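1. got a structure for you, letters missing:
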């Protein structure tokens, strides 16, 4: 008996591939489910060498909750940004903010940067070479410290719980 | 029942189109590159997402079963929009583009150290 | 109701595309133009989806997906070119 980690190294990736395959063909027929399963098992096996430090999801349920949180925030963020854009330009206070990172793994930093780019008035612009801080451009900010605290509490803490400890 | 769904589809399409337009207005109106970056990455992406939700709703209620494959486009856009925004921002930092004078925190920028 | 909503949405999207085009022409810098082109292709995806509903056909889905992929690769390639002066190192 081979250990499951050997022939199914990334169970979540396999599931994702299956779902993508079924979405692409827009069907739930048995043939496509089987073929999707086959692809979902074979593709991570063949590409395993390209994924040296694969991210471990410790709490899949928290990940789902995080996705819902981000989705809700994207909706609110867009109404805010729409108001900022349509309002008078003179009133905006753009700023560059250096955000100190607590996350250490590349994958979770990427997720955090993407989240920041999609939510209220902030775009992540650069990661420092030592991966200790993110450079964020904010469209309209009065208090940089409050912005950093907000991101830390709302997005980074859940991500740390999910991926790192 | 038919009318409710039709109204919902119409609503999603209009909201989506409105957000896409807001994103483009931001792109055309705001004064410097980094501010312009905000409109397309957020508003336009959500706008297209909204229209695609409308499309899913429309094609799923035609009596030919669920049709979710348009969601792939949304998913792809939501994953790629932050990445392209990040790349463009890095390129702009590298090229030392001008920012609006009242932008704060500019002293700390890692200008032009892309290597 | 859809018969009314679809032309309005078409009008809004066309306006958005024109604004993007204006930014492409106007510049002033290369990243601005790339960003405008990026927005242009995303908006054209929305236009395609709208057109599919208008014609009551799903045939444009693959086109939309392909534009999304090619557009992303194109944007990243050009941004990378600006950053490094080279695409594949």
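-> Yep, it's here. Keep in mind that this is a model prediction, so the values were computed, not measured.

2. those helices in chain A, which residues are they?
-> A:4-7, A:11-25, A:30-46, A:60-86, A:106-118, A:144-151, A:157-163 (DSSP state H).

3. Save these as TSV, and put in distance to residue B:91 too.
-> C-betas here are computed from N, CA, C, even on glycine. Converted to TSV, the helices of chain A look like this (distance: least, CB to CB, whole Å):
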stretch	distance to residue B:91
helix A:4-7	40
helix A:11-25	30
helix A:30-46	32
helix A:60-86	22
helix A:106-118	15
helix A:144-151	24
helix A:157-163	27
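
4. hey, which of those is tucked in deepest?
-> Ranked by mean neighbour count, the helices of chain A are led by helix A:106-118 with a mean of 21 (mean count of other CB atoms under 10 Å in any protein chain shown).

5. What's the mean pLDDT across that helix?
-> For helix A:106-118, mean pLDDT rounds to 83.

6. wait, does that helix contact chain C?
-> No - Helix A:106-118 does not reach chain C (CB under 8 Å from any CB of the partner chain); its nearest approach is 13.4 Å.

7. tell me the angle of that helix relative to helix A:60-86?
-> 30 degrees (axes from the mean of the first three to the mean of the last three CA atoms, to 10 degrees).

8. returning to what we had before: out of the helices of chain A, which gets nearest to residue C:1?
-> When these are compared by CB to CB, helix A:60-86 sits nearest residue C:1, at 23.4 Å.

9. how far does that closest one sit from the chain's center?
-> Helix A:60-86 has its C-alpha centroid displaced from the chain centroid by 12 Å (CA atoms, centre = their mean, to the nearest Å).

10. So which residues on chain A come close to chain B?
-> A:20, A:23-26, A:74-75, A:77-78, A:81-82, A:85-86, A:89, A:92-98, A:113-114, A:116-118, A:121, A:123-126, A:128, A:135, A:137, A:139, A:144.

11. For residue 20, which non-adjacent residue is closest in space?
-> No chain was given, so I picked chain A. Leaving aside its chain neighbours, residue A:20 sits nearest to residue B:72 (7.1 Å; criterion: CB to CB, 6 or more residues apart in numbering or on different chains).

12. That was the other one, I meant chain C.
-> In space, residue C:20 is closest to residue C:40, 4.4 Å off (CB to CB, 6+ apart).

13. roughly how far apart are the residue nearest to residue A:20 and residue A:50?
-> 23 Å (CB to CB, to the nearest Å).

14. And the residue nearest the centre of chain A, how far from residue A:156?
-> Geometric centre of chain A, nearest residue: residue A:111, 2.9 Å, by CA atoms, centre = their mean. According to CB to CB, residue A:111 and residue A:156 sit 10 Å apart.

15. cool, residue A:32 as well?
-> For residue A:32 relative to residue A:156 (CB to CB), the value is 39 Å.

16. do the same with residue A:31
-> From residue A:31 to residue A:156 the distance is 44 Å (CB to CB).

17. Excluding chain neighbours, what is closest to residue B:51?
-> Residue B:51 sits nearest to residue B:16 (CB to CB, 6+ apart), 3.5 Å away.

18. Any buried residues in the helix or strand where that neighbour lies, and which?
-> Residue B:16 is part of helix B:2-29 when elements are defined by DSSP states H and E. Residues of helix B:2-29 classed as buried under the neighbour-count rule (16 or more other CB atoms under 10 Å in any protein chain shown) are B:6, B:8-10, B:12-28.

19. so who does the spatially most central residue of chain C touch?
-> In chain C, the residue lying closest to the centroid (CA atoms, centre = their mean) is residue C:41, at 1.4 Å. Residue C:41 makes contact with C:67-68, C:71, according to CB atoms under 8 Å, 6 or more residues apart in numbering or on different chains.

20. Please verify my assumption that the residue nearest to residue C:20 contacts residue C:21.
-> Yes - assessed by CB atoms under 8 Å, residue C:40 is found in contact with residue C:21 at 7.0 Å.

21. one step back: for the residue nearest to residue C:20, helix, strand, or coil?
-> Secondary structure for residue C:40, judged by DSSP: H, G, I helix; E, B strand; the rest coil, is helix.
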